[in-house]
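Q: I need the structure of the sequence given here:
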Amino acid sequence: MKKKEEMSKEEKLALLTRIVEGEDYLTDYLPVLKEFLDDEDAEVRRLAISGLWDYPDPEMIDPLLEKAAGDPSPKVRCQAIIALGRYIYEGEMADYDFDWGPLEEIMREGELPKEDFLRVKDFLLAVYRDEGKSLDERRFAVEALGFLSDPEVSDIIEEAYAHPDLRMKVSAIFAMGRSGLVRWTDTILRELDSPIRELQLEAIRAAGEIGLDEAGEALLRLTYADDRDVKLEAIWALGQTGWEGA
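A: The predicted structure follows:
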């Protein structure tokens, strides 16, 4: 591989695309991705950040927070916010409140430290609440927080769903799917029949993410939709529900 300084923008993008979209799960590409985080080209930076999703290393939290807060490119800031969602997922899976007793140290080995999780969570909450941020930054913060099942985040999702901008509403449904909470069942079932395509598609995905058995009949009906995207999403979601008619 050429040195970074010798590569054209096109070569950098081609390399990063191969890493991000490839299926080589044995090679550690984190050192390569880190090289391009401060590239002069915004699209190169954005693509490098997108690849960090597969490498939830705590040492990358500070660089991502810096990019999310201060990169001159709106797209790069948004991508960094999205990438921080991986740490929210890791923190939710860690279940810090569970007491392992004498096995605590062993069982916590390899987990994201709680203080790092809380730093990321607090940052994303602040982004959402800052009305001076762009709508995209705020809605991607909602999506990133969606993995959490705590009441504070549920209230934020509810608020985002009531937002007048369609993009924020779509992100709220996306977050509902990530949360896996049955409290969103009625909302998702209702949006499966939404006349607004973006809301309907996101509701189909959310039903699949949650494994919503109650959505089985509606999803079966949507597998016959004229819209190809609706049809394919419904087929996928139906297989996730566990519905006996699937």
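
Q: need the contact list for Leu189.
A: Under the criterion of C-beta atoms under 8 Å, 6 or more residues apart in numbering, the contact partners of Leu189 comprise 207, 212, 214-215, 218. For glycine as for every other residue, the C-beta is placed from the backbone atoms N, C-alpha and C.

Q: give me that answer again for 7 Å
A: Contact analysis of Leu189 by C-beta atoms under 7 Å, 6 or more residues apart in numbering lists 214-215, 218.

Q: mind listing the helices for this structure?
A: In chain order, the chain shows helices spanning 9-21, 30-35, 42-51, 61-70, 74-94, 104-107, 114-129, 135-145, 151-161, 166-179, 185-191, 197-210, 216-222, 228-241, with DSSP state H as the criterion.

Q: would you list the phi and psi of Thr223?
A: Backbone torsions for Thr223, taken as degrees, to the nearest 10, come to phi -70, psi -10.

Q: now the helices of the chain in JSON lines, with mean pLDDT and distance to Lys2?
A: Below are the helices of the chain laid out as JSON lines (pLDDT from 0 to 100; distance: least, C-beta to C-beta, whole Å):
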{"stretch": "helix 9-21", "mean pLDDT": "95", "distance to Lys2": "7"}
{"stretch": "helix 30-35", "mean pLDDT": "96", "distance to Lys2": "12"}
{"stretch": "helix 42-51", "mean pLDDT": "98", "distance to Lys2": "14"}
{"stretch": "helix 61-70", "mean pLDDT": "98", "distance to Lys2": "23"}
{"stretch": "helix 74-94", "mean pLDDT": "97", "distance to Lys2": "23"}
{"stretch": "helix 104-107", "mean pLDDT": "77", "distance to Lys2": "44"}
{"stretch": "helix 114-129", "mean pLDDT": "98", "distance to Lys2": "34"}
{"stretch": "helix 135-145", "mean pLDDT": "99", "distance to Lys2": "33"}
{"stretch": "helix 151-161", "mean pLDDT": "97", "distance to Lys2": "44"}
{"stretch": "helix 166-179", "mean pLDDT": "98", "distance to Lys2": "38"}
{"stretch": "helix 185-191", "mean pLDDT": "97", "distance to Lys2": "48"}
{"stretch": "helix 197-210", "mean pLDDT": "97", "distance to Lys2": "39"}
{"stretch": "helix 216-222", "mean pLDDT": "95", "distance to Lys2": "48"}
{"stretch": "helix 228-241", "mean pLDDT": "95", "distance to Lys2": "39"}
